[in-house]
Every structure is written in C-alpha cells, then in structure tokens.
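give me a model of this one.
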Amino acid sequence: MGTDKALLPWPPAGTGPSPSSQTFLSAAIEALGPFTDMVIVVAGNNEEVLAPIVFANGAFLVRNPKPERGQFSSLQVGLHEVLNHGRDAAIATLVDRPPASAATLQALCDEFPTAGSGTWAVIPEYAGQHGHPVLLAREMIEVFLKAPPTANARDLEQQYRPHISYISVDDPSVTRNVNTPQDYASLSSPTSPQNK
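Numbering: from 1, shown residues only. I've put the predicted structure just below:
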C-alpha cells in the first residue's frame, strides 16, 4: 500500500458530504464499541503511530512482540488479551477493510446466543463469500490459541466448519479487502458495491 492501512482516511475522499477525520482504525473502533465490552487493537512495529488513535477512541492496545510471524500471530496475541481480561468470546476483524455496518454486527450478536452450544463461531456471508468480522466463542478461541503462529485462520475455519454458523448479511464491507492503492481507490468509485 505504501502507507499504514490502519491510517487510511475513512470514508475515502469523494464518498461522503465532507472530508472525514476518521481512519480505518478509528472507524473500526467506533463501529465495534456498541457491541463489545472493550476493543483491543493489536499493533506491531506501528505501535507508536497507532497508540494516539487507539487511546483517543477509548480502546486498549497490545503489541505483538514478533509481528514478523504474520497476521495469525497477531490474532493470537489479541485473543490472549481477551482471555486475560476475563472474557470468553470476541469479535475479531482486520484493519484493512471498511468497518462492518451496525446491522451486520447486530446480526452476529443476535445469532450467537441462539446458535446452540455446538456453534463456536458466527461468520457473515455476502454474495456467497465469507467475511469479517467474526464472532468467536471460547471453544474457537482455544482452537486458535493452540495452533502454531504460522497457522491460517481460513484453514482452521474449514477444519471446524461443523461448529460455525454462517449468516447472510447485506453488507459488502464484510468481504472487501484493501491491499493496494487501487483497492482503496475502488471504495470511492460510484460503481463500487460499497457505495450502492
């Protein structure tokens, strides 16, 4: 991307009535806040630049001591922190995508208590694709924490598919990744599903 994706302005220029002072990170914290007891942000070598945004938005910050191990290791650091705070469920998401809508987050939270004890995770689907954020029960948190840091969350999802409840949502944000400047620019395109 050429810049820290967490710091990209949200929404992108040209998609709202006026320029926003929000970033992907601050918008994600704001979106998750009403649906969680706390928001925990996992940083790597970018801890110093993320800290002011995290703390200004009332979230907690934890550092992955070895970010070179990859994204899954950061998930593990965050889930350890969830358990350290005495919680046994978590909503996990990535910072390189637009924040999910309140309706999507509410749908995840509504599905979770009714899905049954055999359900370890609730995952949104849009247009047949699985996305984020995901709601994880204690059982799935344990699965992730017992895996090696080099594991892949998608592989574990496939392995434990019988324990996952997939819910259809009308929210293209759940499947949108922003990995390149072109991906980011597409978010402000009038033909982008994000803006329909």
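
Asp155: neighbour count?
By the criterion of other C-beta atoms under 10 Å, Asp155 has 11 neighbours. For the C-beta atoms, the positions are set from N, CA and C on the backbone; glycine is no exception.

what of Ala56?
When neighbours are counted by other C-beta under 10 Å, Ala56 registers 10.

quick one: contacts for the spatially closest residue to it that is not a sequence neighbour?
Leaving aside its chain neighbours, Ala56 sits nearest to Ser26 (7.6 Å; criterion: C-beta to C-beta, 6 or more residues apart in numbering). Ser26 makes contact with 10, 53, 56-57, according to C-beta atoms under 8 Å, 6 or more residues apart in numbering.

ok, 10 Å please
Counting by C-beta atoms under 10 Å, 6 or more residues apart in numbering, Ser26 touches 6-7, 9-10, 20, 53-54, 56-57, 59, 99.

same question for Pro34.
Residues touching Pro34, when contacts are defined by C-beta under 10 Å, 6+ apart, comprise 102, 105-106, 109.

skipping its backbone neighbours, what lies nearest the spatially most central residue of the chain in space?
Among the residues of the chain, Thr93 comes closest to the average C-alpha position under C-alpha atoms, centre = their mean, at 1.1 Å. With C-beta to C-beta, 6+ apart as the measure, Pro133 is the residue that lies nearest to Thr93, at 3.6 Å, once sequence neighbours are left out.

ok, Ala51 next?
Leu61 (5.7 Å).
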